[in-house]
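Engineer: Take this sequence and fold it.
(one chain, ligands or ions: 1)
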Amino acid sequence: MKSVILGLAICIGAGAALAQTPPANPIDGYLARAKAAAAFDFTGTLVRVCVAPQTAPGPDVAPPPPPARDTWYTDPAKVFDNLYFVGTKIHSSWALTTSEGIILIDTLYDYASEEAIAGGLKKLGLDPASVKYVIISHGHGDHVGGAKLMQDRFGSRIVMGGPDWEMIEQSVNRFPNGKPKRDIVASDGQKVTLGDTSVTLVATPGHTPGTLSMIFQVKDNGKPLTVAYNGGTAFNFPNDVLHFDMYIASQRKMAKAAADAGATILMTNHSEFDNAVSKIKMMAARKSDEASPFEIGAEAVARYFKVTDECAQLARYKLQQAAN
Ligand SMILES: [Zn+2]
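Structural biologist: Residues are numbered from 1 along each chain as shown. Okay, here's the model as predicted:
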């Protein structure tokens, strides 16, 4: 009898304790959901946007002197039947080959573009003069640096979001070696078509006002696969609620576009976010019956956008708390 009473007392005690538990801190909730979504696939993205996010745009100053070549150089590589990596250890530039030439996505920093892009394409047996279109994910120096080179030397057409063309034109100090001349202004949903291949542009303002994300197809030993390419990730934009609302809406828009297209590959413009350079190295250990390390599946692609969404909500919540 005694033990029954004791048991009852413990039950009541536990119930009371539960009722008194304060509601979970929303910040912990955002972070827990982002961590769960990142898992081991997107730790770099998680760190950059949730754990140690940037909080403001960089100033309009001249770029620092180029870093030592050892710090950025990595070999170019064929990644799919029609997609080649011509980036650095840090930044990605992708060459999509078509029946009528090459569509290049992003152009790295100015200092790396000559060797990594023009040199890299040649090393892979491709002709840089066959780059007909260059799509710039956004107008920051680490992606637009080689656009002038491609435009001036190879006559490539440069495609960029309108607000990012303006951002470049308005910059006083960022382009000491000259700016690309305004060319094609991208629109939401526009298809950049070359021969048998199209890249669908998805306007995703947030990281910059003109950020472009993309959907396109690659072939892996003849098997068609769909890529969702996220054009801007970090929070180095004016940190206010309005900008975070725009960023969150864009990430949700791109998550839907990726899901609707059946994307099973997630690519970005920094290896930190999609582990491109590590995956390229892993391809050397790929068995003939194994999927490409880049083919992560639709569920993992969706988790990428969950990470950026939850982390942006976290940052937005903190801004609102600070304002109250
Ligand atoms: Zn950027």
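Engineer: I'd assumed Thr204 was in contact with Gln251.
Structural biologist: Yes. Gln251 lies in contact with Thr204 (CB atoms under 8 Å); the separation is 7.3 Å. From N, CA and C alone the C-beta is placed, and that goes for glycine too.
Engineer: All the strands of the stretch 201-324 of the chain, residue numbers only.
Structural biologist: 212-220, 223-229, 265-267 (DSSP state E, counting those that start in this stretch).
Engineer: what about the ones you listed, which gets the closest to Ala32?
Structural biologist: Proximity to Ala32, assessed across the strands of the stretch 201-324 of the chain by CB to CB, is greatest for strand 265-267 (21.7 Å).
Engineer: what helices or strands is the closest one leaning on?
Structural biologist: strand 223-229, helix 298-323 (3 or more CB pairs under 8 Å, 6 or more residues apart in numbering; DSSP states H and E).
Engineer: will you turn these into JSON lines that also has mean neighbour count?
Structural biologist: Shown next, in JSON lines, are the helices and strands packed on strand 265-267 (neighbours: other CB atoms under 10 Å):
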{"stretch": "strand 223-229", "mean neighbour count": "20"}
{"stretch": "helix 298-323", "mean neighbour count": "19"}
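Engineer: I'd like the ones you listed as JSON lines, with mean pLDDT and distance to Glu166 appended.
Structural biologist: Shown next, in JSON lines, are these (pLDDT from 0 to 100; distance: least, CB to CB, whole Å):
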{"stretch": "strand 223-229", "mean pLDDT": "98", "distance to Glu166": "23"}
{"stretch": "helix 298-323", "mean pLDDT": "95", "distance to Glu166": "24"}
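Engineer: so can I have TSV of those showing distance to Ala116?
Structural biologist: Below are those laid out as TSV (distance: least, CB to CB, whole Å):
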stretch	distance to Ala116
strand 223-229	18
helix 298-323	25
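Engineer: and Thr45, which of these is closest to it?
Structural biologist: helix 298-323 (5.3 Å).
Engineer: What mean pLDDT does whatever helix or strand Tyr84 lives in get?
Structural biologist: Taking DSSP states H and E as the criterion, Tyr84 maps to strand 83-85. Summarised as a single mean, pLDDT over strand 83-85 is 98.
Engineer: For it, which strands pair with it and how are they oriented?
Structural biologist: strand 77-80 (antiparallel), strand 94-98 (antiparallel) (DSSP bridges).
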